[in-house]
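Peer 1: Give me a model of this one.
(chains A and B, ligands or ions: 2)
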Amino acid sequence: MTALTGTRRLVRLVLRRDRIRLGIWVLGTPLLGYALAGSVAGIYPDEAARQGYAATSASSLVARAFNGPIAGTDLGAVVVAETYVTLALIVALLSTFAVTRHTRQNEETGRAELLGASVVGRYAPLTAALLVVVAANVLAAALLMLALAAAGLPLAGSVAAAGAVGGVGVAFTGVASVTAQLSVTSRGANALAAAVVGLSFVLRAAGDVLGDTSADGTRVQSAWPSWLSPLGWGNQVRAFGGERWWVLALPVVLLLAGVALAYALAERRDQGAGLVVPRPRPATGASWLLSPAGLAWRMQRGTLLGWAVGVAVLGLSMGVAGDEFNAMIDENPAAAEAINAMGGGSNLVDAYLAAMLGLFALTIGAYVVQALLRVRGDEADGVLEAALATAVSRTRWLGTQVLAATLGAVALLLLAGLTTGLGYGLVTGDPLGQAIELGGAALLRLPALLVVAGVVTALFGLVPRWSVVLSWTALLVFLLLGQLGAVLDLPQAALNLSPYTHVPSVPAVDPVVLPLVVLAGVAAALLATGVAAFRHRDVPS
Amino acid sequence: MPVISIDNLVKTFGAVRALDGLDLRVEAGEVHGFLGPNGSGKSTTIRILLGLLRRDSGEARVLGADPWRDAVRLHRRLAYVPGDVSLWPNLSGGEAIDLLGELRGGLDRQSRDELLQRFDLDPTRACRTYSKGNRQKVAIVAAFSSTVELYVLDEPTSGLDPLMEAVFQDEVRRIKQAGATVLLSSHVLAEVEALCDRVSIIREGRTVESGTLAELRHLTRTTVIVETARPVTGLDALPGVHDVRQVDGRTHLEVDPAHFDELLGQLIRFGVRALTSTPPTLEQLFLRHYGDGNATTAQPQSTEAQRTGAR
Ligand SMILES: Nc1ncnc2c1ncn2[C@@H]1O[C@H](COP(=O)(O)OP(=O)(O)OP(=O)(O)O)[C@@H](O)[C@H]1O
Ligand SMILES: [Mg+2]
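Peer 2: Ligands and ions are numbered 1, 2, ... in the order given. Model prediction:
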């Protein structure tokens, strides 16, 4: 078939370009799984402990929303509940980015034109990307299966759990191959696919929250919305809880459907084009646009709007869910104890709300990284050169970008706090008061985000070529330290590396000023370093 | 005071020595051609003049100021057109022009609109959708609609059609009339011949020649074809005469302009019937410089080989 000519060469090209990324992915996921399984086994060593965990997980709507439906009291089931959602999200995003990188990004940058003019079939670039990404998922799943089995879990369940995680990657490979056909930019393609990931999360959470609890109270039967979500399928495999093997076929079906649709779209569209027809644009620049700040706003506003919608929806639902704690405190003192330990305060609801705000702060960190890395994108594209050849100083240019990202982060944090408070207030009374209180509490997380901005800026100034990879790595490390540090029982010194460790967990505890001041100082030092380094280096470099 | 003065400029990228003691002088009010083979360091020099790259050693002054330290102040007084224009993909061409102009400190709306018309550019299209030539036009319009003292143009017309090339040349003449100075890096020799008062040729990061085109011609050998009554002898012994060949009963040779007199004195003794003397074409001139860097000892037969090597 001539449409596939050249696929083999392109596969080699993809492997050559991504050998390090793929290596980290394929080895990192199983290692993480192994470490997590080991420490969960340490925390819940006997049947009684696991019984308590399962009962809590089944009765808590929050646990259902974030950890999925618990599938029994087996150690494996506990491991899956503690780790599946995190691993699945990571794998879904990795697969998405990888597919986009080797399809739409090549078209956007014009590289595909050289390839397309050589002996390469129309489907070859997409096919090569799919082959590599699916192979990476299969390989990572196989190693994860070995890792789980090596951690002492039953073989059948290990196969099912690893298959569930790999299946998520395979499913989103199919999704990304379609979104790569739709958007003209790789940023847009990734954003579309990430929106599907987000929707899948919400559908799964809704289905799991609405599901039924079994008679013994240690299992949850998800409702139908979970079945609409590729993230939910992994739970429906029910690893370690009476495996349903046929569910593993669903991701493959989605992949095949996605690929068929992508091929059909690729056949009908021009190279480099999307599905949106170009329309006339303004002939002159509006006066607000004509400054570094105006440009930064213009470049950020779409992204920021998308984030705002996501944050608001999530905030409202988290807030509304908060009320269940009031009911739970009466019903289940053990669960209360567990969540209390997590949030670190005396009031259970406050602990929960504080944990949610912490999660928001981490997520909004991704916005900060994404927004600031635009400068590096501009540098690599050659646009920065044109901008800096005008009468704008480097300090002003970079400072404006940092300021824009910071203002965006402030807006998103505030929105997260306001909507969470509003949601909680709507079910408990006093929506306005709660919104104001949580809005303020959310803003206290800002210093941690300033440190994130500082890290990205310093990397951009000092090691521009590595700034993209290292910035995301830093955020991922902060995420892992925050989310899994306790499960992995890491030493405090390691946890202290993350700025998020140091923000007081308001409203669970009283605000303390000193750590915030120190964080702000660290952020200022990092920002100053980044700006100074940027002023003294070559552009582009 | 020269508008641009560069002395012994050195810039390395790791192991690559992009500039290796480059000298350049551009006087106020002139259009200065900046020529050299691919990879010889033209864009690197220009980026140093714009304060984008830092020099390793040597001196560089633009409009009397240090291009690195005084970058912002200088950029108000100059405009830049890169050879490979990248733009914000989601801005329209008109927005990009206005933005670049405003960042430089303001542009003249009337000449902006006139230039758009003259260059036949539709400002309502997203930059992403422009062709190569149209992207180039965006940068040219943005630069020429500001009134500044110095225009730095790095292969500004790459990708322009002949009609637009003519419009471009008119615009350069217009800004020159207005008293501006232009540094023009280009591979289009016709453009250089039409516009430039003086040229500098660089090779491997070093200046090999600088002067007016007439001066450069003078430094390069002239081709002479002569028909004589009796076979010419003794030419090889003459100074400045090279590459003597007999073709169809005529003598072909190359001579350094400085030694024309000696050559004629010798030829006259053999009964000259016909004589043509052709100064080098611009292309030959540059190919010799590009090819091996030493104009006076170049081997003309190797021109073809050099052409493939230099391109
Ligand atoms: N950022 C960089 N890193 C490494 N090497 C570089 C870099 N920029 C330029 N060079 C090298 O410096 C040399 C000069 O490049 P430059 O772009 O100045 O050439 P040029 O004269 O503009 O060529 P052209 O006519 O092709 O535009 C080349 O050998 C090039 O490979
Ligand atoms: Mg160049």
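Peer 1: Near chain B, which residues of the stretch 51-200 of chain A are found?
Peer 2: A:184, A:185 (Cβ under 8 Å from any Cβ of the partner chain). Every C-beta, even on glycine, is put in place using the N, C-alpha and C of the backbone.
Peer 1: low-confidence ranges in the stretch 51-200 of chain A?
Peer 2: Residues of the stretch 51-200 of chain A meeting the criterion pLDDT under 70: none.
Peer 1: which stretches of the stretch 51-200 of chain B form helices?
Peer 2: Assigned by DSSP state H, counting those that start in this stretch, the stretch 51-200 of chain B shows helices spanning B:71-75, B:93-104, B:109-118, B:132-144, B:162-177, B:189-195.
Peer 1: The longest one packs against which elements?
Peer 2: With contacts defined as 3 or more Cβ pairs under 8 Å, 6 or more residues apart in numbering or on different chains; DSSP states H and E, the secondary structure elements packing on helix B:162-177 are helix B:109-118, helix B:132-144, strand B:181-185, helix B:189-195.
Peer 1: Counting neighbours, which bits of that helix end up buried?
Peer 2: Under the neighbour-count criterion of 16 or more other Cβ atoms under 10 Å in any protein chain shown, helix B:162-177 has B:164, B:167, B:168, B:171, B:172, B:175, B:176 buried.
Peer 1: Would you point out the most distant pair within those residues?
Peer 2: Distance extremes for the buried residues of helix B:162-177: the farthest pair is B:164 and B:176 at 18.5 Å, using Cβ to Cβ.
Peer 1: How many neighbouring residues does residue B:157 have?
Peer 2: Neighbour count for residue B:157, taken as other Cβ atoms under 10 Å in any protein chain shown: 25.
Peer 1: residues contacting the residue lying closest to residue B:22 once chain neighbours are set aside?
Peer 2: Spatial nearest neighbour of residue B:22, excluding adjacent residues (Cβ to Cβ, 6 or more residues apart in numbering or on different chains): residue B:9 at 4.4 Å. Residue B:9 makes contacts with B:19, B:21, B:22, B:23, B:24, B:45, B:48, B:55, B:57, B:58, B:59, B:60, as judged by Cβ atoms under 8 Å, 6 or more residues apart in numbering or on different chains.
Peer 1: Leaving aside the residues adjacent along the chain, what's closest to residue B:87?
Peer 2: residue B:127 (3.7 Å).
Peer 1: where's the one you found relative to residue A:156, distance?
Peer 2: Using Cβ to Cβ, to the nearest Å, residue B:127 is found at 56 Å from residue A:156.
Peer 1: of those two, who's got more company?
Peer 2: Neighbours around residue B:127 and residue A:156, counted as other Cβ under 10 Å, are more numerous at residue B:127. The numbers are 22 against 14.
Peer 1: pLDDT score for that one?
Peer 2: Note for residue B:127: predicted pLDDT of 90.
Peer 1: Now for it: which residues touch it?
Peer 2: By Cβ under 8 Å, 6+ apart, the residues touching residue B:127 are B:87, B:88, B:89, B:90, B:91, B:92, B:93, B:96, B:135, B:138.
Peer 1: And for residue A:394?
Peer 2: A:388, A:531, A:534, A:535, A:539, B:71.
Peer 1: and whichever strand or helix holds residue A:452, what does it pack onto?
Peer 2: Counting by DSSP states H and E, the element that carries residue A:452 is helix A:446-462. Judged by 3+ Cβ pairs under 8 Å, 6+ apart, helix A:446-462 is in contact with helix A:348-381, helix A:394-428, helix A:467-488, helix A:513-535.
Peer 1: and those, which one's lowest on average pLDDT?
Peer 2: helix A:467-488 (a mean of 85).
Peer 1: For residue B:45, give its distance to ligand 1.
Peer 2: Distance from residue B:45 to ligand 1, counting by Cβ to the nearest ligand atom, to the nearest Å: 7 Å.
Peer 1: Give the burial count for that residue, as a bare number.
Peer 2: 31.
Peer 1: Name the nearest residue to the residue of the stretch 1-150 of chain A found nearest ligand 2, sequence neighbours excluded.
Peer 2: Taking Cβ to the ion as the measure, the point where the stretch 1-150 of chain A comes nearest ligand 2 is residue A:110, at 18.3 Å. Closest residue to residue A:110 apart from its sequence neighbours, by Cβ to Cβ, 6+ apart: residue A:272 at 7.9 Å.
Peer 1: Point me to the helix or strand that includes that neighbour.
Peer 2: Counting by DSSP H and E, residue A:272 is part of no helix or strand.
Peer 1: That one: what's it in contact with?
Peer 2: Residue A:272 sits in contact with A:107, A:108, A:110, A:112, A:113, A:184, where contact means Cβ under 8 Å, 6+ apart.
Peer 1: just residue B:224 next, same as before
Peer 2: B:252, B:253, B:254, B:255, B:263, B:275, B:276, B:277, B:278.
Peer 1: Could you spell out the sheet neighbours of the helix or strand where the second one lies, each with its direction?
Peer 2: The secondary structure element spanning residue B:253 is strand B:250-255 (assigned by DSSP H and E). Each strand pairing with strand B:250-255, determined using DSSP bridges, is listed with its direction: strand B:222-228 (antiparallel), strand B:241-247 (antiparallel).
Peer 1: what's the nearest residue to residue A:72 once chain neighbours are set aside sitting at in phi/psi?
Peer 2: Leaving aside its sequence neighbours, residue A:72 sits nearest to residue A:241 (Cβ to Cβ, 6+ apart; 4.0 Å). Phi and psi for residue A:241, reported as degrees, to the nearest 10, are phi -140, psi 50.
Peer 1: Can you tell me how far residue A:241 is from ligand 2?
Peer 2: Going from residue A:241 to ligand 2 by Cβ to the ion, to the nearest Å gives 65 Å.
Peer 1: That residue: neighbour count?
Peer 2: Residue A:241, neighbours per other Cβ under 10 Å, totals 22.
Peer 1: was I right about it contacting residue A:78?
Peer 2: No. With contact defined as Cβ atoms under 8 Å, residue A:241 does not reach residue A:78; the gap is 10.6 Å.
Peer 1: Ligand 2 is nearest to which of the helices and strands packed on helix B:162-177?
Peer 2: Here strand B:181-185 is closest among the helices and strands packed on helix B:162-177 (Cβ to the ion), at 6.6 Å.
Peer 1: any idea where the helices of the stretch 51-200 of chain A begin and end?
Peer 2: A:61-67, A:75-102, A:104-109, A:111-117, A:124-150, A:155-182, A:186-210.
Peer 1: so can I have TSV of the ones you listed showing distance to residue A:399?
Peer 2: Formatted as TSV, the helices of the stretch 51-200 of chain A follow (distance: least, Cβ to Cβ, whole Å):
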stretch	distance to residue A:399
helix A:61-67	38
helix A:75-102	29
helix A:104-109	28
helix A:111-117	33
helix A:124-150	38
helix A:155-182	34
helix A:186-210	24
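Peer 1: Which positions in the stretch 101-250 of chain B make contact with chain A?
Peer 2: B:102, B:103, B:104, B:105, B:123, B:124, B:125, B:126, B:128, B:129, B:139.
Peer 1: quick one: residue B:88 from chain A, how far?
Peer 2: Separation of residue B:88 from chain A (Cβ to the nearest Cβ, to the nearest Å) stands at 6 Å.
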